[in-house]
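[1] fold the following.
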Amino acid sequence: MARFAILLFSLFLLSHRLTSEPTQDKQALLSFISQVPHASRISWNASESACSWIGVTCDPTNSSVIYLRLPGVDLVGSIPPKTIGSLSQLRVLSLHSNGLTGGLPSDFSNLAFLRSVYLQDNRFSGGFPPSLSELTRLTRLDLSRNNFSGSLPFSINNLTELTGLFLEDNAFSGQLPSISPASLVALNLSNNNLNGSIPTSLASFPVSAFSGNINLCGDPLPACNSSFFPSPAPSPSSDEPPALHKKSKKKLSTGAIVAIAVGSALVLALLLLILLLFLRKKRNQRSKQSPKPPLPASTAASRGVAEAGTSSSKDDITGASTEGERNKLVFFDGGIYSFDLEDLLRASAEVLGKGSVGTSYKAVLEEGTTVVVKRLKDVVVTKKEFESQMEVLGKMKNENVVPLRAFYFSKDEKLLVSDYMPAGSLSALLHGNNFFIFLTTFRVIYSIFD
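    Presented below is the predicted three-dimensional model:
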């Protein structure tokens, strides 16, 4: 009898889940689509569940709409209030590559769970939407290639979880506030009307993030002439004297100094070992190979890399690229990925680790692809030298080495793309305290060059 009761209860729950409907969200979406002209392929049937509509994704219980993706479906006009702003559980909003105009409704501030907003390639206008500054869970915000204007508010700092901010190709003006969310790793403010000096909190971003603002100066752009350019816009502060804002300096203990010295010696020893093994392998290769004639141009062009075109899915988080060669990744033959640089820069990013040659990020694209991106720093080489080294790395096949899938080269930015390995990191392996770890590391290095 008890088993029969449990079975009936389970069937009741399953039936309730299958028949559940986000009634309020459905009415908000029907109101939106009835007031905004759109392509004929958006045929939402009021007699069907909203969770089955094109571009709509619900939570597992079908009680709320959590994703709304309608890119490139010829939406025209402004977004009415009490429509999208009523989707209280919305996580992702993607309306890019349409013809939407005006500003954003104030009730967007109700979207407290919103994580990603993709509104690029529309015709929105007005100032920076105040409602967006209240969405403290926001991680990705893309308003690029619109007609927004006015100054950028200091309230952007309310977005403490923001990892990517893309405001390029608008008409924003005035001085830059000291935007400094600790999580921000991708920024593009290019091709606006911004002026004055760049705040020190943004000086680590590349030149391309600020290009096209002719009256902007300071790192990473050329230095400001104090007689022409004002200082950065001050951020709100208390009445405390400057001395109170200074961080106290801490001295390293003797143990820490010894640990640093020992660690540095081990790293140096490993580097020397790698160099010796590499030279040995090169010498062996020269002794085995006979001279070969130079490759013709047609053969050299097919050595192992191919430029990636535009992304194959229309639901990608960027619009079509018009930047030409500057926005192209170089993929190695046999690659399993299909995305471009804009997709990569707009992906959700998480810092995996920082090293002497750069920072590694875990990048998750909107369609779910996960890769690791190594952003190199202080690498001064020509494009030819860089591509030559990448060709060598791309051909390296070893069970102990994560394969390199793609790379990107420009004067200001150099990126390496590889597979994401969720099982662990090289950092965790190298920084252990067990002697067995050192032997394992030696075996991996030896297998690469043997």
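[2] ok, the closest residue to Ser116 other than its chain neighbours - how many residues close by?
    Counting by Cβ to Cβ, 6 or more residues apart in numbering, Ser116 lies nearest to Arg140, which is 4.3 Å off, once chain neighbours are set aside. (Each C-beta comes from the backbone N, C-alpha and C, glycine too.) Around Arg140 there are 22 other residues, counting by other Cβ atoms under 10 Å.
[3] tell me which residues touch Arg140, please.
    For Arg140, the contacting residues are 115-118, 162-164, 317, 346, 348, by Cβ atoms under 8 Å, 6 or more residues apart in numbering.
[4] try Thr57
    51, 65-69.
[5] got phi/psi on Leu345?
    Torsion angles at Leu345 (phi, psi; degrees, to the nearest 10) stand at phi -70, psi -20.
[6] OK, contacts around it?
    164, 166, 186, 188.
[7] grab the nearest non-local neighbour of the third one.
    Taking Cβ to Cβ, 6+ apart, and ignoring the residues beside it in sequence, Ala186 has Gly164 as its nearest neighbour in space, at 4.0 Å.
[8] in a markdown table: the contacts of Arg140, plus distance to Pro60, pLDDT and secondary structure.
    Formatted as a markdown table, these follow (distance: Cβ to Cβ, whole Å; pLDDT from 0 to 100; DSSP: H, G, I helix; E, B strand; the rest coil):
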| residue | distance to Pro60 | pLDDT | secondary structure |
| --- | --- | --- | --- |
| Arg115 | 17 | 96 | coil |
| Ser116 | 19 | 96 | strand |
| Val117 | 23 | 96 | strand |
| Tyr118 | 23 | 97 | strand |
| Leu162 | 27 | 94 | coil |
| Thr163 | 26 | 94 | coil |
| Gly164 | 27 | 94 | strand |
| Ile317 | 23 | 32 | coil |
| Arg346 | 27 | 72 | coil |
| Ser348 | 21 | 70 | strand |
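[9] right, and out of those residues, which lies closest to Ala39?
    Tyr118 (17.9 Å; Cβ to Cβ).
[10] separation between the closest one and Ser131?
    16 Å (Cβ to Cβ, to the nearest Å).
[11] ok, these two, which is more surrounded?
    Between Tyr118 and Ser131, counted using other Cβ under 10 Å, Tyr118 has the larger neighbour count: 25 against 16.
[12] the residue lying closest to Pro129 once chain neighbours are set aside: neighbouring residues, count only.
    With Cβ to Cβ, 6+ apart as the criterion, Pro129 has its nearest non-adjacent residue at 4.1 Å, and that residue is Leu104. When neighbours are counted by other Cβ under 10 Å, Leu104 registers 23.
[13] what of the one 10 residues further on?
    By the criterion of other Cβ under 10 Å, Leu114 has 24 neighbours.
[14] in a helix, it, correct?
    No. Counting by DSSP: H, G, I helix; E, B strand; the rest coil, Leu114 is not part of a helix but coil.
[15] what sits closest to it if chain neighbours are left out?
    Nearest to Leu114 is Leu135, by Cβ to Cβ, 6+ apart, at 5.1 Å.
[16] related to what we said a few turns ago, mind giving me CSV with the contacts of Thr57 and columns for pLDDT and secondary structure?
    Putting the contacts of Thr57 into CSV (pLDDT from 0 to 100; DSSP: H, G, I helix; E, B strand; the rest coil) gives the following:
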residue, pLDDT, secondary structure
Cys51, 93, helix
Val65, 95, strand
Ile66, 95, strand
Tyr67, 96, strand
Leu68, 95, strand
Arg69, 95, strand
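[17] so which of those residues comes closest to Glu385?
    Arg69 (41.8 Å).
[18] wait, that closest one touches Leu90, no?
    No. The pair Arg69 / Leu90 is not scored as a contact, 11.0 Å apart, by Cβ atoms under 8 Å.
[19] who's more crowded, the two?
    Comparing Arg69 with Leu90 by other Cβ under 10 Å, the one with more neighbours is Leu90, at 24 against 19.
[20] burial measure for the residue lying closest to Val73 once chain neighbours are set aside, as a count.
    Among residues not flanking Val73 along the chain, Ala39 sits closest, at 4.6 Å (Cβ to Cβ, 6+ apart). As a burial measure, Ala39 scores 13 neighbours (other Cβ under 10 Å).
[21] distance of Ala39 relative to Ser151?
    35 Å.
[22] same question, Thr382
    40 Å.
[23] between those two, who's got more neighbours?
    Under the criterion of other Cβ under 10 Å, the comparison of Thr382 against Ser151 puts Ser151 first, with 15 against 9.
[24] and the closest residue to that one other than its chain neighbours, what element?
    Take Ser151 and drop its neighbours on the chain: the residue closest to it by Cβ to Cβ, 6+ apart is Gly174, 3.6 Å away. Using DSSP states H and E, the element containing Gly174 is strand 171-175.
[25] any buried residues in that strand, and which?
    172, 175 (16 or more other Cβ atoms under 10 Å).
[26] and the helices in the protein?
    2-19, 23-35, 254-288, 297-300, 341-345, 383-395, 426-430, 435-449 (DSSP state H).
[27] mean pLDDT lowest for which of the ones you listed?
    When the helices of the chain are ranked by mean pLDDT, helix 297-300 comes last with a mean of 35.
[28] if anything else comes up later, I'll come back, but that's it for now.
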